[in-house]
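**Student:** build me a model from this:
(2 chains)
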Amino acid sequence: DIQMTHSPSSLSASVGDRVTITCRASQVISNSLAWYQQKPGKAPKLLLYAAFRLESGVPSRFIGSGSGTDFTLTISSLQPEDFATYYCQQYYGTPWTFGQGTKVEIQ
Amino acid sequence: QVQLVQSGAEVKKPGASVKVSCKASGYTFTGYYLHWVRQAPGQGLEWMGRINPYSGDTYYAQKFQGRVTMTRDTSISTAYMELNRLTSYDTAVYYCARPTSMVRSYFDLWGRGTLVTVSS
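**Tutor:** Below is the predicted model of the structure:
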């Protein structure tokens, strides 16, 4: 199975901060990576796919980059509604796997 | 509107089985795979398997092979996930999720989740 590893596992930040989350795959997955946002008690929400393509309706402050094994999700200016847990998911090979998540908390 | 509506929370004893349903509406049920993903309390997301609602073909994660069965009833646009021989490690929220297309495996539509609690 392809292992997906987030770093950091959690971070504290303030509104307006630029935040970067990293996801590393245990093998090359091309750009077959999606990012999700999950708030407590809610289902995940798709933010980006194909590493950098923004899902319809998602604010442009969410920026994805990377290819191969290393990927990043950047929130260019953190908003109050962005405090949540973020997960990456690879869909290059089965079984499809998720990272363990990065929790973004209010500083 | 386009949505997946899941069945309600369940409490089961160790060794029992649970069957969770996921009713699709607002789109062509047979036009998209339907996947199941679970999340243990405070943990990450774990993909369990998928079903092709058109053909009934299934593909399960190896971890769940022999213990999970995914089925569907096209007459009511509903998919089911049955998990057998439950243990406390199966306590989790179970989500059904639809990918963006038949050839993609990232998910833009999710059910609200069904909490399954396994406890003696």
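
**Student:** C-alpha only now, for contacts and for neighbours.
**Tutor:** Will do.

**Student:** what's the closest non-adjacent residue to the closest residue to chain B within chain A?
**Tutor:** In chain A, the residue that lies nearest chain B is residue A:100 (4.8 Å; CA to the nearest CA). Spatial nearest neighbour of residue A:100, excluding adjacent residues (CA to CA, 6 or more residues apart in numbering or on different chains): residue B:44 at 4.8 Å.

**Student:** repeat that for residue B:73.
**Tutor:** residue B:79 (6.4 Å).

**Student:** what strand or helix carries the one you found?
**Tutor:** Assigned by DSSP states H and E, residue B:79 belongs to strand B:78-83.

**Student:** what are the buried residues along that strand?
**Tutor:** For strand B:78-83, a neighbour-count test (16 or more other CA atoms under 10 Å in any protein chain shown) marks B:78-81, B:83 as buried.

**Student:** sheet partners, orientation included, of that strand?
**Tutor:** strand B:18-25 (antiparallel), strand B:68-73 (antiparallel) (DSSP bridges).

**Student:** just the buried residues of the longest one, please?
**Tutor:** It stands for strand B:18-25. B:18, B:20-24.

**Student:** which residue does chain B bring closest to chain A?
**Tutor:** residue B:44 (4.8 Å).

**Student:** could you tell me how many residues sit around that residue?
**Tutor:** Residue B:44 has 16 neighbours, counted by other CA atoms under 10 Å in any protein chain shown.

**Student:** tell me the contacts of the residue at minimal distance from the centre of chain B?
**Tutor:** Nearest to the mean C-alpha position of chain B, by CA atoms, centre = their mean, lies residue B:36 at 3.4 Å. By CA atoms under 8 Å, 6 or more residues apart in numbering or on different chains, residue B:36 lies in contact with B:47-50, B:81, B:94-97.

**Student:** what of residue B:102?
**Tutor:** Going by CA under 8 Å, 6+ apart, residue B:102 touches B:31-33.

**Student:** again, but for residue A:72
**Tutor:** A:20-23, A:64-66.

**Student:** go on, residue B:30?
**Tutor:** B:52-54, B:74.

**Student:** quickly list what residue A:72 is bridged to.
**Tutor:** Going by DSSP bridges, residue A:72 is paired in beta bridges with residue A:22, residue A:65.
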